[in-house]
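Asks: Based on what follows, work out the 3D shape:
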Amino acid sequence: SRRQQTVLNEDPGLPIKGERAMETVLRVFTIYVFITFCLRIIGKRELGELSPHELVMIMLIPELATQALSRQDYSITNAFIGISTLLSLVFINSVFNYRFEKYRDIIEGKSVVLREPNRYIENALHRERVDVGEILSEVRAAGFENIEQIKWVVLEPDGRISCVPHEHGRRSQVSKEKDI
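Replies: So this is what the prediction gives:
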């Protein structure tokens, strides 16, 4: 009867059907896009050294594997499909990042100038949630004594702050000794 057929199709011990496999692919894709979007909104500084895609992969792989390991799904095949889909998305993303500049700009973002010669760009500081104290700390960490030695301060797509000195800018004595 129809009821018995439904019960048989939902039996977690049965091999995964094509429809269920495609559902797994769509779920992983949806979660991947959603988490990537959310991490992009959070901003560069909060992500630190990890790219959004590395962080998504770190978060999703254990989750996908846990379902099979804790027997919530009873199917290790479903976990393999989910993880394979995730890794395929990461690979496709890296190919698109390499080949299409507009795609790379949307996914990773662009460098943002926070300070140009002799002035901070206030709207960029507010938009990226970076305060002047953080910039001054990065200037010192780069081996400069003060901000006047810096021509440009740039927030890179990976969240690092780069300091570009004036041509006549000199590093502090401490920094020079480290370089020797």
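Asks: Neighbours of residue 88, how many?
Replies: Around residue 88 there are 13 other residues, counting by other C-beta atoms under 10 Å. All C-beta spots, glycine's among them, are computed from the backbone N, C-alpha and C.
Asks: what do you get for residue 95?
Replies: Neighbour count of residue 95, defined by other C-beta under 10 Å: 10.
Asks: Am I right that it is in a strand?
Replies: No. Looking at residue 95 with DSSP: H, G, I helix; E, B strand; the rest coil, it is helix, so not inside a strand.
Asks: now residue 149: how far from residue 29?
Replies: As judged by C-beta to C-beta, to the nearest Å, residue 149 and residue 29 stand 48 Å apart.
Asks: So which of those two has more stuff around it?
Replies: Set residue 149 next to residue 29 and count neighbours by other C-beta under 10 Å: residue 149 wins out with 18 against 14.
Asks: so how far is residue 117 from the more buried one?
Replies: 11 Å.
Asks: just residue 160 next, same as before
Replies: Residue 160 is 21 Å from residue 117, by C-beta to C-beta.
Asks: now do residue 104
Replies: From residue 104 across to residue 117, the span is 28 Å (C-beta to C-beta).
Asks: what does stretch 161-168 rub up against?
Replies: Contact partners of stretch 161-168, identified using C-beta atoms under 8 Å, 6 or more residues apart in numbering, comprise 111, 114, 117, 130, 134-135, 138-139, 142, 144, 149-156, 171.
Asks: Just the buried residues of it, please?
Replies: For stretch 161-168, burial by neighbour count (16 or more other C-beta atoms under 10 Å) applies to 161, 163, 165.
Asks: How about stretch 78-97?
Replies: Those would be 78-79, 81-83, 85-86, 89, 93, 97, for stretch 78-97 by 16+ other C-beta under 10 Å.
Asks: from memory residue 103 sits against residue 96, does it?
Replies: Yes. With contact defined as C-beta atoms under 8 Å, residue 103 and residue 96 form a contacting pair (4.7 Å).
Asks: ok so, going back, kindly reformat the buried residues of stretch 78-97 as JSON lines containing secondary structure.
Replies: Below are the buried residues of stretch 78-97 laid out as JSON lines (three-state DSSP):
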{"residue": "78", "secondary structure": "helix"}
{"residue": "79", "secondary structure": "helix"}
{"residue": "81", "secondary structure": "helix"}
{"residue": "82", "secondary structure": "helix"}
{"residue": "83", "secondary structure": "helix"}
{"residue": "85", "secondary structure": "helix"}
{"residue": "86", "secondary structure": "helix"}
{"residue": "89", "secondary structure": "helix"}
{"residue": "93", "secondary structure": "helix"}
{"residue": "97", "secondary structure": "helix"}
